[in-house]
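Engineer: Got a predicted structure here, sequence first:
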Amino acid sequence: MQLLVDIHKQLASYPLEVKFNLEGRVLGILGGSGSGKSMTLRCIAGLETPKRGRIVVNGRVLFDSSKRINLPIRLRRVGIVFQNYALFPHLTVAQNITYGLQDLSSAERQHRLHEQIAKLQLFGLENRYPQQLSGGQQQRVALARALAVEPEILLLDEPFSALDTHLRHHLQEQMIETLSSYQGVTLFVTHNLEEAYEICEQLLVMSQGQAIAYDQKQAIFERPATYTVAQLTGCKNFSKTRAISPTQVEAIDWGCTLNVIEPIPESFAYVGIRAHHLTFTNDPNTENTFSCWLAHTRETPHRMTLYLKLHNPPTQSNDYHMQAEVFKEKWATIKDRPFPWYVKLDSLRLFLMQA
């Protein structure tokens with residue numbers, strides 16, 4: 001499966017300029033609110049029209065401004081699940097699922113309906129109306145409706161955002177199973193990093209209408225090329241930096257010198273490390289290891305975020321250099337140790353970024 005997108009559209013605050021050639025199965029689109037994620041999906045679906053560019057799926061042209069091709073929605077073979085599901089309130093579950101199948105025979109409509117009912121575990125709900133369904137059931141009906149048209153492209157726009165945590169996790173697992181048997185291309189818009197990593201193979205990162213990174217998910221998380229990409233993928237620890245030697249950099253904001261393994265690029269401005277990659281050691285002589293004190297903590301059900309001041313004790317709670325994330329079990333083993341603690345910035349986990 002292949003999806004080529006190269007579009008330009010002027011938005012109120014900035015131009016939307018997105019270009020990628022997807023040959024995988026599931027692409028996650030990450031970015032902050034208003035970055036252009038949903039507008040990109042709407043252009044692919046035919047709900048919005050780019051000013052110029054091309055959209056091609058498996059060699060079939062959906063949009064080409066130079067050739068004046070702009071297929072209507074019903075001919076694009078695109079299925080879409082909106083953030084609010086957008087089910088028709090006056091139609092039953094069965095009628096919602098078969099809504100886009102009016103051109104098919106009655107027998108084929110029934111076949112596809114039963115196929116989706118079975119696939120998404122909607123038995124017994126066929127004659128209910130959307131207002132009689134839970135949020136999770138509505139989401140599954142919306143997905144069934146999108147898949148019933150046998151789309152070449154499946155567009156998922158924040159499909160889990162309205163769900164509570166338990167239901168969200170359950171439906172994420174169900175989504176992974178559903179997508180494993182879907183043969184088309186899936187674009188999955190989310191701002192949830194764990195969700196994107198779990199469901200998607202490749203990631204497109206957007207900021208102010210621009211696609212600023214496009215790669216395999218491992219590459220983007222392990223080696224973000226720019227400060228903005230690192231921020232949008234959840235990195236919390238940054239320092240302005242400069243090269244000292246081919247293997248050393250000065251982390252100016254952290255007040256330390258770091259050994260690095262990756263080649264130092266000619267133009268770089270920051271060094272970063274993810275909060276869960278910081279480790280604590282009892283050996284102050286280990287490479288890239290520095291004394292630290294605890295400025296304050298933040299607690300979630302399973303993890304602790306530790307705000308650390310390097311080299312000297314903090315003077316107040318917001319006087320810190322970096323954040324470390326540890327599981328509660330690890331926290332229990334270190335919380336009563338006398339200061340200073342020693343934190344290690346593994347050279348394999350450091351990454352150098354452009355501004």
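Structural biologist: In hand now; what should we look at?
Engineer: Now do the strand ranked longest in the chain: which elements does it pack against?
Structural biologist: Using DSSP state E, we find that the single longest strand of the chain is strand 289-299. Judged by 3 or more C-beta pairs under 8 Å, 6 or more residues apart in numbering; DSSP states H and E, strand 289-299 is in contact with strand 303-310, strand 341-344. In short, each C-beta sits where N, CA and C put it, glycine included.
Engineer: buried ones in it?
Structural biologist: 289-295 (16 or more other C-beta atoms under 10 Å).
Engineer: ok, residue 121 touching residue 140?
Structural biologist: Yes. With contact defined as C-beta atoms under 8 Å, residue 121 reaches residue 140; the gap is 7.1 Å.
Engineer: Residue ranges in the chain under the pLDDT threshold?
Structural biologist: 162 (pLDDT under 70).
Engineer: how about the helices of it, start to end?
Structural biologist: With DSSP state H as the criterion, the chain has helices at 37-45, 93-97, 106-119, 135-148, 165-181, 193-199, 217-222, 227-232, 328-334.
Engineer: Export those as CSV, with columns for mean neighbour count and distance to residue 265.
Structural biologist: Putting these into CSV (neighbours: other C-beta atoms under 10 Å; distance: least, C-beta to C-beta, whole Å) gives the following:
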stretch, mean neighbour count, distance to residue 265
helix 37-45, 22, 28
helix 93-97, 23, 51
helix 106-119, 15, 47
helix 135-148, 23, 42
helix 165-181, 14, 36
helix 193-199, 18, 25
helix 217-222, 18, 15
helix 227-232, 21, 13
helix 328-334, 12, 33
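Engineer: Mind listing the strands the longest strand of the chain pairs with, and their directions?
Structural biologist: Strand 289-299 has its sheet partners listed here by DSSP bridges as strand 303-310 (antiparallel), strand 341-344 (antiparallel).
Engineer: just so I know, which of these lies nearest residue 8?
Structural biologist: Nearest to residue 8, of all these, is strand 303-310, at 40.4 Å by C-beta to C-beta.
Engineer: residues in contact with the closest one?
Structural biologist: Here strand 303-310 makes contact (C-beta atoms under 8 Å, 6 or more residues apart in numbering) with 254-256, 275, 278, 290-299, 317, 319-328, 331, 341, 343.
Engineer: rerun at 7 Å
Structural biologist: 254-256, 275, 290-298, 319-328, 331, 343 (C-beta atoms under 7 Å, 6 or more residues apart in numbering).
Engineer: before we move on, the earlier item: in CSV, list the helices of the chain along with distance to residue 307.
Structural biologist: Listed next are those as CSV, based on distance: least, C-beta to C-beta, whole Å:
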stretch, distance to residue 307
helix 37-45, 31
helix 93-97, 49
helix 106-119, 46
helix 135-148, 36
helix 165-181, 25
helix 193-199, 20
helix 217-222, 23
helix 227-232, 18
helix 328-334, 13
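Engineer: gap between the spatially closest residue to residue 20 that is not a sequence neighbour and residue 82?
Structural biologist: In space, and not counting its chain neighbours, residue 20 is closest to residue 214: 5.1 Å by C-beta to C-beta, 6 or more residues apart in numbering. Residue 214 sits 24 Å away from residue 82, going by C-beta to C-beta, to the nearest Å.
Engineer: Find residues that contact each of residue 121 and residue 140.
Structural biologist: With contacts taken as C-beta under 7 Å, 6+ apart, not a single residue reaches both residue 121 and residue 140.
Engineer: Tell me the backbone dihedrals of the closest residue to residue 92 other than its chain neighbours, please.
Structural biologist: Distance criterion C-beta to C-beta, 6+ apart; nearest residue to residue 92, sequence neighbours excluded, is residue 127 at 5.2 Å. Main-chain dihedrals, residue 127, degrees, to the nearest 10: phi -100, psi 10.
Engineer: so residue 127 makes contact with residue 95?
Structural biologist: No. Using C-beta atoms under 7 Å, residue 127 is not in contact with residue 95; the gap is 9.3 Å.
Engineer: need the buried residues of strand 289-299 in CSV with distance to residue 109, can you?
Structural biologist: Output for those, formatted as CSV (distance: C-beta to C-beta, whole Å):
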residue, distance to residue 109
289, 66
290, 66
291, 70
292, 65
293, 67
294, 63
295, 63
